[in-house]
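**Student:** below: sequence and its predicted model.
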Amino acid sequence: MGKSIPFINIDKHPEKFHRVYYILSVLPSEDGLEKKKNAGNARKIFESLSGTKRRDAERFLQRIKSGVAKKFSITMKDEKFIADEADVRNLRTKKDSYEFFMDVPGRELFVKGLGKVEIFGKKLISALLLFFVSNAGKGFTSEQLFTFVWGDKFIEESSAPDVRINILRLRALVEPDRNNPRFIKHSKAVKKEKGIYYFEKDIDICLIKESP
């Protein structure tokens with residue numbers, strides 16, 4: 001590590017270098033190698049500190065970590081709230097008490113009657129399910145689903161069958177009884193109104209997402 005911070009002597013003020021390198025290591029950046037290098041520099045300097053400088057560095061880290069602590073958006077049947085990591089750890093221990101437990105950051109789906117369902121390796125299917133659960137009780141036409149989830153232009157001849165096929169695949173994964181869907185429902189078209197798909201709103205769900 002050289003004296004890359006102008007006008008500051010690293011031998012006299014290593015704690016200042018520690019702060020700069022640490023902040024650079026946690027700031028958003030597309031250069032992963034540079035972030036890793038800065039983290040390594042911060043760690044080496046921290047390990048070399050002692051006495052007052054060490055205690056100051058520890059207090060600095062505590063302030064930074066408390067300020068950047070992850071927050072999570074929790075959606076349940078009758079409430080929504082923001083939670084911290086301790087709350088999420090607690091919810092995860094109770095996942096089998098919910099009828100439908102979807103933990104996006106933890107990449108886990110637990111359905112009562114099926115147990116753990118492997119879905120997060122299926123990008124489109126998991127995105128479709130997340131959209132449904134996030135909007136429980138709200139109905140969407142095939143065109144709306146294709147627009148919101150696929151993010152592409154809807155073409156009736158090809159897009160509508162694509163939506164139907166992927167909803168069938170999704171049901172095959174998450175519905176305990178495929179012939180009598182409990183979660184993902186469909187209301188058929190009536191006269192000029194188009195048919196809509198929706199996630200049943202009366203499900204005892206717990207949806208965990210990282211809060212923006």
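**Tutor:** All right, it came through fine.
**Student:** in the top helix by length along the chain, what's buried?
**Tutor:** Taking DSSP state H as the criterion, the chain has its longest helix at helix 156-174. Neighbour-count burial for helix 156-174 flags 159, 160, 162, 163, 166, 167, 170, 171, 173, 174 (criterion: 16 or more other CB atoms under 10 Å). Any C-beta I mention is one placed from the backbone N, CA and C, and that applies to glycine too.
**Student:** partners of the following helix or strand past it, with directions?
**Tutor:** Going down the chain from helix 156-174, the next helix or strand is strand 184-187, by DSSP states H and E. Using DSSP bridges, the strands paired with strand 184-187 are strand 196-199 (antiparallel).
**Student:** mind giving me the packing neighbours of whichever helix or strand comes after the strand it pairs with?
**Tutor:** As assigned by DSSP H and E, the chain's next helix or strand after strand 196-199 is strand 205-210. Using 3 or more CB pairs under 8 Å, 6 or more residues apart in numbering; DSSP states H and E, the elements in contact with strand 205-210 are strand 72-76, helix 85-92, strand 100-103, helix 123-134.
**Student:** strand 205-210 pairs with which strands?
**Tutor:** strand 72-76 (antiparallel), strand 100-103 (parallel).
**Student:** picking up where we left off before, out of the buried residues of helix 156-174, which is nearest to residue 59?
**Tutor:** Nearest to residue 59 out of the buried residues of helix 156-174 is residue 174 (CB to CB; 47.2 Å).
**Student:** circling back: what mean pLDDT does the longest helix of the chain have?
**Tutor:** The average pLDDT within helix 156-174 is 95.
**Student:** that helix vs helix 123-134, what angle?
**Tutor:** Put simply, helix 156-174 runs at 80 degrees to helix 123-134, going by axes from the mean of the first three to the mean of the last three CA atoms, to 10 degrees.
**Student:** can you give me the neighbour number for residue 204?
**Tutor:** 13 (other CB atoms under 10 Å).
**Student:** verify the stated contact: it with residue 77.
**Tutor:** Yes - with contact defined as CB atoms under 8 Å, residue 204 reaches residue 77; the gap is 5.4 Å.
**Student:** the helix or strand harbouring residue 63: how far from the chain's middle?
**Tutor:** Secondary structure assignment for residue 63, by DSSP H and E: helix 51-67. Relative to its parent chain, helix 51-67 has a centroid offset of 29 Å by CA atoms, centre = their mean, to the nearest Å.
**Student:** what's it packed up against?
**Tutor:** Partner elements for helix 51-67 (3+ CB pairs under 8 Å, 6+ apart): helix 14-26, helix 32-48.
**Student:** what average pLDDT does the shortest one get?
**Tutor:** Over the span of helix 14-26, the pLDDT mean works out to 81.
**Student:** what of stretch 39-46?
**Tutor:** Throughout stretch 39-46, pLDDT has a mean value of 88.
**Student:** show me what counts as buried in it.
**Tutor:** 41, 42, 45, 46.
**Student:** ok, the residues you listed vs residue 109, which is closest?
**Tutor:** Using CB to CB, the buried residues of stretch 39-46 come closest to residue 109 at residue 42, 36.9 Å.
**Student:** hmm, that closest one is touching residue 22, no?
**Tutor:** Yes - the pair residue 42 / residue 22 is scored as a contact, 4.0 Å apart, by CB under 8 Å.
**Student:** cheers, nothing more for now.
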